[in-house]
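In: only geometry, no sequence info:
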């Protein structure tokens, strides 16, 4: 023990006694007193009053916007024009000159439902499709 520690320990013991507090001396090195401390905490937790669960009447429900709300398709003079935030984000991630990127584009169009909607609107191979300002030729 370091010089002066005895005085500090005495002061802490006196304070605990004065305040009517339980004091447990433990050692991380030897493990002395740890078991007693754990037993005390366990017993204390067993006797704490249980709080009743309450319902919070103010509920906030967050929902994702429908995918259709994020893009729109219109047909003008035989050209299909896809616009909206989702279409812009998608085209911002695509490199038109890269085959893998184009595969990603085709997969994304299908996953977003744009592919299906274009087919419902009558798109055919060779038709012009403009997606967020990018002019493409439709291919299956």
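Out: That came through fine. Keep in mind it's a predicted model, so treat the numbers as computed, not measured. Residues are numbered from 1 along each chain as shown.
In: can you give me the strands in the chain?
Out: 72-76, 79-83, 128-131, 134-137 (DSSP state E).
In: give me the contact list for the last one.
Out: Looking back up the chat, that one is strand 134-137. 91, 94, 96, 126-130 (CB atoms under 8 Å, 6 or more residues apart in numbering). (Each C-beta comes from the backbone N, C-alpha and C, glycine too.)
In: and the helices in this protein, which stretches?
Out: 5-18, 34-46, 85-92, 99-112, 114-120 (DSSP state H).
In: and these as TSV, adding mean pLDDT?
Out: Shown next, in TSV, are those (pLDDT from 0 to 100):
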stretch	mean pLDDT
helix 5-18	89
helix 34-46	91
helix 85-92	89
helix 99-112	89
helix 114-120	92
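In: dump those into JSON lines; add distance to residue 75 and mean neighbour count as well.
Out: Formatted as JSON lines, these follow (distance: least, CB to CB, whole Å; neighbours: other CB atoms under 10 Å):
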{"stretch": "helix 5-18", "distance to residue 75": "82", "mean neighbour count": "11"}
{"stretch": "helix 34-46", "distance to residue 75": "68", "mean neighbour count": "11"}
{"stretch": "helix 85-92", "distance to residue 75": "15", "mean neighbour count": "17"}
{"stretch": "helix 99-112", "distance to residue 75": "16", "mean neighbour count": "14"}
{"stretch": "helix 114-120", "distance to residue 75": "9", "mean neighbour count": "16"}
